[in-house]
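A.B. asks: here's a sequence, model it:
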Amino acid sequence: MKRRGNGFVITILLLGILGFVTTVVSNPLWLLKQIVIYGAIAGIIFLIFRYFIKKRMGREYSAYSKAAKQSKRRFDVRKTRTSTVKNINQAKKAKANAIKKKKSQPSHLTVIEGKKGKKKNRAFF
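C.D. replies: Below is the predicted model of the structure:
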């Protein structure tokens, strides 16, 4: 049964390749025009879809993207720092400056209050 399915798929693929080669040889301008038309339609659909999805996400998506940008900037800063320091005094100053900068930046995370005081009903377990 697998042989019959594989043979069918191979036959369809061979016919598709034969049709493509025939079109390229006989009418390449028509093929190019079709590719451009389909690409333009796909691009328009993508832009419309992206516009409506971004609008639907609203405030939550903008907060997420802002947090992602902050995280990326923070990661880039860590990555670009030099790993060797020539002078110990320079290392101490850099550490002190880093602590000051870290304290001055507000956190982009928020605390979600839960139901910590409420006891679970154990009758259902």
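
A.B. asks: where exactly do the strands run in the protein?
C.D. replies: Using DSSP state E, the chain contains no strands.

A.B. asks: helices of this structure, residue ranges please.
C.D. replies: Ranges of helices within the chain are 2-26, 28-80, 88-104, based on DSSP state H.

A.B. asks: the second one - contacts with which helices or strands?
C.D. replies: The criterion is 3 or more C-beta pairs under 8 Å, 6 or more residues apart in numbering; DSSP states H and E, and the helices and strands that helix 28-80 contacts are helix 2-26. Every residue, glycine included, has its C-beta placed from N, CA and C.

A.B. asks: kindly report the same for the first one.
C.D. replies: Using 3+ C-beta pairs under 8 Å, 6+ apart, the elements in contact with helix 2-26 are helix 28-80.

A.B. asks: what's the angle between the helix it packs on and helix 2-26?
C.D. replies: Angle between the axes of helix 28-80 and helix 2-26 is 110 degrees (criterion: axes from the mean of the first three to the mean of the last three C-alpha atoms, to 10 degrees).

A.B. asks: what mean pLDDT does helix 28-80 get?
C.D. replies: Helix 28-80 comes out with an average pLDDT of 83.

A.B. asks: burial count for residue 74?
C.D. replies: 13 (other C-beta atoms under 10 Å).

A.B. asks: again, but for residue 7
C.D. replies: When neighbours are counted by other C-beta under 10 Å, residue 7 registers 10.

A.B. asks: and it, what's its pLDDT?
C.D. replies: Here, the pLDDT recorded for residue 7 equals 86.

A.B. asks: from residue 24, how far out is residue 32?
C.D. replies: In this view, residue 32 and residue 24 are 10 Å apart by C-beta to C-beta, to the nearest Å.

A.B. asks: ok, residue 46 next?
C.D. replies: Distance, residue 46 to residue 24, by C-beta to C-beta: 27 Å.
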